[in-house]
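# No sequence on hand, only this structure:
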């Protein structure tokens, strides 16, 4: 029997549901994601650290979970990192049975194995509307048969990047080609895969590692969770790098924000973020538009960009910034996820753009 | 940016509804016309389907009720001189016509620009070889396919590929003439048929058992691309997608699979160069990520209509704008009105499409489902879980089912065989198998349906089993809620807990559960379809009802300003686009008069379910339970039950019992017309004649009655749409067969048997009354004598051959009936007339199938008038009437026998037409010729085969035969007919029946050798013997695509028409020019 649970939001709103994952109370920032596929990828995306993830698509668990195999280069075959990073999963209709040739266990088994709560039976549409109106909120999942004794969680002001970043330097594709330093703020495996596939050597370094004295051809700033203002160390190092060289720099998501901060721009928190697979962006100055995968709660304030920086991509729904570039140097970044996983793969050309600048 | 040089655009419609090409093209065409209007572009429409919404006033600027054939389209182009033409909104009919016009240089000659996808790109998707070549260029895998032009080539190709193979005809709509072959014998059969439709057939390796996945893709001419929706077939490959249950979005694909296929779809669409909308179909390996592209439809399709309704993204509307030169980024999402049209909808619900078949209406038809389409309609159900959606959907198809469980027990001899050989009943076979404890693995073995779907179906069974353990007193809140969340109706629950048996009344049992449920506070909520999964605020009125939620998305005003119109449900034989037209006219009138218009309907092919046709659209069930839920939330001013055909009409009494305000004629008066005994007593009291009849409950009583009055007899169970209800039976066999069918339809009511008069005229009265006084009316006359179902008959309006006295009597009787039944709103009466005697056959206090036809010919919108009556608005009685018309309208029926393998294409027993057209002409011959050409007949070139039935029919046909000879036709005739013609001095060549073995020439040989251009085959009577004798000839004509007429009156009229009027003489006049 599934235990009865209640999701309590910080404004007092309550939703009743049942636990299908790990049976333990949990607190965190409640965010919603409108993607219709990709729960194994999303759960292992380090950018979800500290968050209770609501899926607006109601049927979840249909195709189970693929095996957690690791490739020769150390990257997981099907996942985006070595474990689940989201604090909990909130769905409307968990599918207890699954069916897929590549599945080895159910979503429930996996969540239990990794001690991550999952709840079902929630009116996720109503919950999404509450979050949309109020903005993201902190929330707790409480078990009806247990006292409410878990501490309130914090999201802002917490350095989640430090929690999920690698602790030491890791190398991929060693000695094969151009060398790229990848700053790991919580990098998704597919960013590394996309770089490796393009024949470059990747040197993955911790988020606050000073790489400015290293010998390399380009710098890649990865995605990551939480508030970019917590990462001033990383920003300082980027700034130092930009002051001493015009080597190519590319960034994704948090990387876009860190690059913007390093260039002097400001960041603000969106009311409820962009999380999903259907976010439209326009390549500024062209008639080219792309459907992108996104997962971010903060955005670059384009009005604060320095005179030698410009917007490269803009969100077609709300006009928020989706990428910046330097007017003369090969420095650019995207707020969306060209590596997808999960989501549409239409913007993978960003990696090609970056790799061609490495000379 | 918009192309400013395009000021006038021609749009080609799809013509009559037929299997494979139905209401979805009324929807897409209407959307396109709306988009063009918004741009200030003048629009010209060619579509003979007079019952459609797109051919209504105010949709296109100019409407031609003409065949969508190159000859007529060219003449319209010559006259109208449009700047551009849209080919992709009228299905395969419009596309084929457009390709032909491009090939023959007509567009170039008149400087008409093809808007949207260029014709060369269309041809690249239509010609299989070019298509494979195109996809090879970009390394996209297609099904290995050999194009063959002879039987020998086909045999060789099949042997090389290895059986099983699939055979398709090139350039054919909806899989026409295609099929699977397991061996050479089967291959020969399929190929012969396929070659009759197309000079080229394609032999392919069969991928039976693979998943079938579709993507709807949109591209603008700046090369921006989106996929609006993907869909997954519940039934694996091997069953035509039109025959499949389909879900959106896909349920069993991982992220990597979903996006692999999505990226491929975009790659394909870019390479082909689509501008507008396109559909890509895949076969997908259930055990790896291997795939094949099945086909690409470079036009709006049934799937795109479904995708539009499933997502709220108006594909046809956007495609038309892109055709005008816009980029996707220049358009807005028409649901949110603030965000961009360049996006991909995120769904937060699941939709389930289920086909509706009417196979029981066709004698001898092959019931097994396969690679060609047989369904006549479809429904779409929306839920927050799969179980809810599919249970809703199974109710919506309207075949007496209550969901996945708690239906009347199916009788199946061999369950294993029934699982592996899919028929229209397969999903219920699965229900039975699960109840019999078949494991999911075993069912999967037989059906190849993905286990995920089977697991979900098993879940419904599990809940059902839980329910069976309790009774009304022990039914607890949790279980009741669970059952509701997973799509159980109150009635299903009542039956599961034994309440129906206990009370002996299904309606009462359902009500009791309803009360108990409400006592527990278990109530449904209303959710919006907003395209963005609630991410952005949307003021959308596109709604569905669910139990899987805690709060409604909308706030109800409780101001009694809502007027609810109940729609007509799934298209089926006897009820289709004409009721959609009626519903839309009612909505328009309600809106115009300042009320809040609310529609309840669930048919994705319709215009009435386009969310901007009304102020609030409930895309949901038309069951008593759901309609009551909606009424209780809406607190409407009133409900209109008379514009949606029989489904809403049947709810009138039940709703009335719940004190629901029904607008128009009172429920008790509706009952007075529906209840045969009451109706008959009323007629007798008023001195109105009717055929002798009796309400009977046993076969014995029926036999006694028939012995007394003699065959033929008219048989009808009460309260069923005339489509299935009223039937003429000419012999014992037929009577028995029909009664079995009828018993399945309705058990609660006795069967009414009436004496039937032969060689009588059948006449229809469509009218609107207020407080029992007739305000406007239309009398129309069947060309065929009574006995051909009114839905299959060819109808002329105004009547051309009725005595003035007959008309007068009909008016008098109609006035009397209207008065007696206190009619407020639309009604229809059917009469039989012989000499000047008129008899009332039946009366419906609702709009009938012919309302759009007579409204448009008369140019008085009878539904608008009726709606004004029902709203209690002041009415000015129209001054015009049918005697003022100096032109003729002819409504002809479209049959789809070519899709219904093995079915006998003979008329009279059940209604069997799937659609109709209505054309206008300055005289009967012109109008008839236009409408017959519109439903696929061709004027024969040289030869006609006659076998003209009994003595009476032979005489009937004599003049026509003479005329044919005078006009240089060579006649072939079978034995009796040949002799009769000879005796009357008409030269002919005798041919032999298949049963006359060894004699030459054989009629069938001549058909196969294409030496016959038209077949007139009139069965003497409908005995089995007679039917078998002519069956082979009729069926061969259908399978070989040779025009066939089986009624002497119609054959005579058609022959007279084409012998009198030549194609060049046909006037090309728009509707407004009459």
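That came through fine. For clarity, every value in this text was computed on a predicted model and none was experimentally measured. Numbering: from 1, shown residues only, chains lettered A, B, ... in the order given.
# and residue A:274, what does it touch?
A:294, A:295, A:296, A:315, A:320 (C-beta atoms under 8 Å, 6 or more residues apart in numbering or on different chains). Glycine gets a C-beta too; all of them are placed from N, C-alpha and C.
# List, one by one, the residues from the stretch 301-450 of chain B near chain A.
B:327-329, B:338-340, B:342-350, B:384-386, B:450 (C-beta under 8 Å from any C-beta of the partner chain).
# repeat that with 7 Å
B:327-329, B:339-340, B:342-344, B:346-350, B:384-386, B:450 (C-beta under 7 Å from any C-beta of the partner chain).
# Can you tell me which of the residues you listed end up in strands?
residue B:350 (DSSP state E).
# which residue ranges form the helices in chain A?
All helices of chain A, identified by DSSP state H, fall at A:39-43, A:107-113, A:124-134, A:160-164, A:189-197, A:232-244, A:254-262, A:349-357.
# So which residue is dead centre in the chain?
Since you didn't name a chain, this refers to chain A. residue A:47 (3.3 Å; C-alpha atoms, centre = their mean).
# My question was about chain B, not that one.
Nearest to chain B centroid, counting by C-alpha atoms, centre = their mean: residue B:571, 4.1 Å.
# Where does the stretch 201-350 of chain B get nearest to chain A, which residue?
Nearest to chain A, among the residues of the stretch 201-350 of chain B, is residue B:255, at 3.5 Å (C-beta to the nearest C-beta).
# Top of the contacts of residue A:274 by number of neighbours, please.
Highest neighbour count within the contacts of residue A:274: residue A:295, with 28 neighbours (other C-beta atoms under 10 Å in any protein chain shown).
# Quick check: bridge partners of the closest residue in space to residue B:112 that isn't next to it in sequence?
Once flanking residues are discounted, residue B:112 sits nearest to residue B:85: 5.1 Å by C-beta to C-beta, 6 or more residues apart in numbering or on different chains. With beta bridges defined as DSSP bridges, residue B:85 has these partners: residue B:10, residue B:114.
# doesn't residue A:38 make contact with the residue of the stretch 201-350 of chain B closest to chain A?
Yes: contact criterion C-beta atoms under 7 Å: residue B:255 and residue A:38 qualify, at 3.5 Å.
# list residues touching both of those two?
residue A:342 (C-beta atoms under 7 Å, 6 or more residues apart in numbering or on different chains).
# Can you report how many residues lie near residue B:536?
16.
# now swap in residue A:112 and tell me
18.
# ok, residue A:127 - contacts?
If you count contacts by C-beta under 7 Å, 6+ apart, then residue A:127 has A:15, A:54 around it.
# what bits of chain B have low per-residue confidence?
B:171-176, B:717-727, B:740-750, B:908-909, B:1021-1027 (pLDDT under 70).
# I meant to write chain A there.
In chain A (pLDDT under 70), no residue qualifies.
# and it, which residues reach chain B?
Contact residues (C-beta under 7 Å from any C-beta) of chain A with chain B: A:34, A:36-38, A:41, A:56-59, A:62-63, A:92-93, A:97-101, A:123, A:125-126, A:128-129, A:132, A:276, A:278, A:280, A:282, A:287-289, A:291, A:316-317, A:340, A:342-345.
# Stretch B:549-557: how far from the chain's middle?
Relative to the chain's own centre, stretch B:549-557 is displaced by 34 Å; criterion: C-alpha atoms, centre = their mean, to the nearest Å.
# Name the surrounding residues that touch that stretch.
Contacts for stretch B:549-557 (C-beta under 7 Å, 6+ apart): A:123, A:125, A:126, B:384, B:525, B:526, B:527, B:528, B:543, B:633, B:634.
# Show me which residues of that stretch are buried.
For stretch B:549-557, the neighbour count (16 or more other C-beta atoms under 10 Å in any protein chain shown) marks B:549, B:552, B:553 as buried.
# do the same with stretch A:220-238
Those would be A:220-231, A:233-235, A:237-238, for stretch A:220-238 by 16+ other C-beta under 10 Å.
# residue contacts, residue B:1044?
B:905, B:1015, B:1017, B:1034, B:1037, B:1038.
# List the contacts of the second one.
Counting by C-beta under 7 Å, 6+ apart, residue B:1015 touches B:945, B:1033, B:1037, B:1042, B:1044.
# so after the helix or strand it falls within, what's the next helix or strand?
Using DSSP states H and E, residue B:1015 sits in strand B:1014-1017. Counting by DSSP H and E, the next helix or strand C-terminal to strand B:1014-1017 is helix B:1024-1039.
# which residues in the stretch 51-200 of chain A form strands?
A:51-55, A:59-60, A:88-90, A:93-94, A:118-120, A:137-143, A:170-172, A:179-184 (DSSP state E, counting those that start in this stretch).
# I'd like those as a markdown table, with mean neighbour count appended.
Shown next, in a markdown table, are those (neighbours: other C-beta atoms under 10 Å in any protein chain shown):
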| stretch | mean neighbour count |
| --- | --- |
| strand A:51-55 | 26 |
| strand A:59-60 | 22 |
| strand A:88-90 | 28 |
| strand A:93-94 | 26 |
| strand A:118-120 | 28 |
| strand A:137-143 | 21 |
| strand A:170-172 | 17 |
| strand A:179-184 | 25 |
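# Would you reformat those strands as CSV and include distance to residue A:205?
CSV is the format used below for the strands of the stretch 51-200 of chain A (distance: least, C-beta to C-beta, whole Å):
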stretch, distance to residue A:205
strand A:51-55, 25
strand A:59-60, 35
strand A:88-90, 30
strand A:93-94, 39
strand A:118-120, 33
strand A:137-143, 32
strand A:170-172, 8
strand A:179-184, 6
